[in-house]
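**Q** take this sequence and fold it.
(2 chains)
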Amino acid sequence: MALLEIRNLHLAMRSFEGEAHVLNGIDLKVDTGEIWGVVGETGCGKSLTGLSISRLVPTPPARYLAGEILFEGRDLLAASEAEMRALRGRRIGMIFQDPTTNLNPVFRIGDQMVDVALHAGHADPAVLGLDRRASGRARRKAARALAVRMLERVGIPDAARRVDDYPHQFSGGMRQRVLIAMALIGKPDLLIADEPTTALDVSVQAQILRLIHDLVVEDGLTVVMITHNLGVVAQLCTHVAVMYAGNIVEAGPVRPVFKNPGHPYTRALMAAVPTAGTKRGELAGLPGIVPSLFKPPPGCRFATRCAHATAACDLGAPAMRELSPGHSVACVLAGEI
Amino acid sequence: MVLRIEGVTKLYPARGGGVTALRDVTLNVVARESFGLVGESGSGKTTLTRCILGLEPITEGRIVYDGVDLATLSAAEMRRMRSRIQIVFQDPYASLNPRMSAHDIIEEPMVIHRATLGLNARQRTERVAELLQLVGLGEQHLWRFPHEFSGGQRQRIGIARALAVNPELLILDEPTSALDVSVQAQVLNLLHDLQRRFALTYLFISHDLGVIRYICDHVALIYRGEIVEEGDTETIFTAPKSDYARMLLAAMPEPDPDKSPFARAG
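**A** Residues are numbered from 1 along each chain as shown, chains lettered A, B, ... in the order given. Below is the predicted model:
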């Protein structure tokens, strides 16, 4: 059984302009130990996919039209709020994009981490190394010790002292490490990281990627990493899913997808990244804009911007076809262009 | 040499010694070239641009533009000078006034510099339409407000505004870091095209080495307020001399799985 399996997920979002079909049949299967990169442009639904896994999309205004999100075979969309609370921060850890807004500025780093540790310890006392009968005081003490250990694990120097600092006393990179430590304090099986390095310098980004890599190798963590940085995906991830306008248009192991992209959108994204050999003025931008999700095109949602589009593309949404083992592409011309 | 920065030091005084944001920075920006300034957060990139624009007084050294030491200019002269040096800001979501239409945003610098440009209201509006076209937008966008534009379109408006007063030097402060790669590619191509058409000089600030390599002729790396390496782009990228340059290049994630530092089976 896959650790996480998203099946035919459809999500609609209501606004004053009508209802937008923002996730249009997402299928994603993540096995233990894999690092999935979910890439795509702003508004393609990658963050909503991540938020859906931890069921943090507010309903309303959103509405799940169909599909299921199976975590160890259990459908999260059918789970109660209490069950979800027990999963979040314990089995499923989350890191969000901006380290400056995700820590409470008026509480010490340690206190914020202890809260998470106590919550995880409530769901599973083993996280704190205690049994069910442990006193509140013992739990708090263990939670604090765990917070210090986690800070050390993510490379905060002098963690025993810094645990009592406030967020403003930490740099951006260190705050992102704190958020990672916090996401990992419950010893989760699945980590959802939404643009964890976007706000950071490249040198700090490299350290964070190394850290996530080590956690996967040493602790058997599984990661779903949402990013728009193809470089980060190529370096860190084992698998990648490319999203466009609410669909996964290409997915598979990183190497075949990057070396032999089958979808015109994946190719366009890769061509837009300047590399050593790109001549000035010859960078290939992607013409046009993402279609309105209030009135999406009838067939392939990328057809409006695709250089290869034919009449066949408007007939219906193209199904995923396997190009090589595990590497699938949703394009009628897959394998021919 | 159109812009010379000679031994510039900038000290922000405070109790306990203060902060030296720039230390003995010397740079030469050649006319009609793109000069890339690369540095991480807190390295002094933004302080340097603020000093060039005369928004911050410098502690030591000289900033010479077209043979004129900017420190010797009066406020009125500096204002005139600023019509020759314009800036495009990083975040097109924050740098455009949400209560002004695209027309008013692009027209504003022409109103400020009306003495230099001598355009009346009708001529200004014509020029706004012309500028919109130049950056790939159209007359239908004239009266729209920032929230009606996408990020890439907003940055085009920021560029049109900077070009409104016919500047010679454009300071581009991370102009594409808030944009998607596909949109970034369009904006980079637009900048390249504009540079050739109007013989512009670019001071391009970025932490994205891929973008710098693509757009710049010369590069300087700034670290903690000091220039640690400078040279033509290809040399820095192919034969970096400083440890800092080597570290930055190694940390730059290339979109090629074969170059991943993490050994992986398969």
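**Q** quick check: A:Ala117 is in a helix.
**A** Yes. Counting by DSSP: H, G, I helix; E, B strand; the rest coil, A:Ala117 falls inside a helix.
**Q** so what's the residue lying closest to it once chain neighbours are set aside up against?
**A** Once flanking residues are discounted, A:Ala117 sits nearest to A:Ala143: 3.7 Å by CB to CB, 6 or more residues apart in numbering or on different chains. Backbone N, C-alpha and C define where each C-beta goes, glycine included. Counting by CB atoms under 8 Å, 6 or more residues apart in numbering or on different chains, A:Ala143 makes contact with A:Met113, A:Val114, A:Ala117, A:Leu118, A:Gly121, A:Leu128.
**Q** residue contacts, residue 153?
**A** With no chain named, the answer covers chain A. So A:Arg153 contacts A:Ala181, A:Leu184 (CB under 8 Å, 6+ apart).
**Q** let me rephrase: I mean chain B.
**A** Contact analysis of B:Gln153 by CB under 8 Å, 6+ apart lists B:Leu137, B:His141.
**Q** same deal with the one 3 residues further on?
**A** By CB under 8 Å, 6+ apart, the contact set of B:Arg156 is B:Val135, B:Gly136, B:Leu137, B:Val187, B:Leu190.
**Q** again, only using 10 Å
**A** Contact analysis of B:Arg156 by CB atoms under 10 Å, 6 or more residues apart in numbering or on different chains lists B:92, B:102, B:131-132, B:134-137, B:141, B:149-150, B:183, B:186-187, B:190.
**Q** helix, strand or coil: sort out it for me.
**A** Secondary structure, three-state DSSP: B:Arg156 is helix.
**Q** skipping its backbone neighbours, what lies nearest it in space?
**A** Per CB to CB, 6+ apart, closest to B:Arg156 is B:Val135, 4.1 Å.
**Q** backbone dihedrals for the one you found, please?
**A** With angles defined as degrees, to the nearest 10, B:Val135 sits at phi -100, psi 10.
**Q** can you check the one 3 residues further on too?
**A** Backbone torsions of B:Gly138, given as degrees, to the nearest 10, read phi -130, psi 180.
**Q** which non-adjacent residue is nearest it?
**A** Nearest residue to B:Gly138, sequence neighbours excluded (CB to CB, 6+ apart): B:Leu132, at 6.3 Å.
**Q** quick one: low-confidence ranges for the stretch 1-150 of chain B?
**A** Within the stretch 1-150 of chain B, the stretches with pLDDT under 70 are B:1.
**Q** how about the residues of it by chain A?
**A** B:Ser34, B:Val38, B:Gly39, B:Glu40, B:Ser41, B:Gly42, B:Ser43, B:Ser150 (CB under 10 Å from any CB of the partner chain).
**Q** residues touching the nearest residue to the last one once chain neighbours are set aside, list them.
**A** Think B:Ser150. Nearest-residue entry for B:Ser150: A:Ile289, 6.6 Å, with adjacent residues in sequence omitted and distances by CB to CB, 6+ apart. Going by CB under 10 Å, 6+ apart, A:Ile289 touches A:Glu41, A:Gly43, A:Thr304, A:Arg305, B:Ser150, B:Gly152, B:Gln153, B:Ser182, B:Val183.
**Q** any chance you could map the helices in the stretch 151-266 of chain B?
**A** B:151-163, B:181-198, B:209-215, B:233-238, B:243-251 (DSSP state H, counting those that start in this stretch).
**Q** put together a markdown table for the ones you listed, with mean pLDDT on each row.
**A** Converted to a markdown table, the helices of the stretch 151-266 of chain B look like this (pLDDT from 0 to 100):
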| stretch | mean pLDDT |
| --- | --- |
| helix B:151-163 | 92 |
| helix B:181-198 | 90 |
| helix B:209-215 | 91 |
| helix B:233-238 | 93 |
| helix B:243-251 | 91 |
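**Q** now the residues of the stretch 1-150 of chain B next to chain A: which count as buried?
**A** Neighbour counting with 16 or more other CB atoms under 10 Å in any protein chain shown marks B:Ser34, B:Val38, B:Gly39, B:Glu40, B:Gly42, B:Ser43, B:Ser150 as buried within the residues of the stretch 1-150 of chain B next to chain A.
**Q** nearest to A:Ala312, out of those residues: which one, please.
**A** B:Ser150 (29.3 Å; CB to CB).
**Q** now do the contacts for A:Val39.
**A** Residues near A:Val39 by CB under 10 Å, 6+ apart: A:46, A:225-230, A:232-233, A:237, A:240-244, A:250, A:257, A:266, A:269, B:181.
**Q** do that again at 6 Å, thanks
**A** For A:Val39, the contact set (CB atoms under 6 Å, 6 or more residues apart in numbering or on different chains) comprises A:Val233, A:Val242.
**Q** just A:His308 next, same as before
**A** Contacts for A:His308 were tallied using CB under 6 Å, 6+ apart; they are A:Pro264, A:Leu333, A:Ile337.
**Q** and the residue nearest to A:Ala117, what helix or strand is that in?
**A** Using DSSP states H and E, A:Ala143 sits within helix A:136-153.
**Q** and that helix, how far out from the chain middle?
**A** Between the mean C-alpha location of helix A:136-153 and the chain-wide mean there is a distance of 27 Å, by CA atoms, centre = their mean, to the nearest Å.
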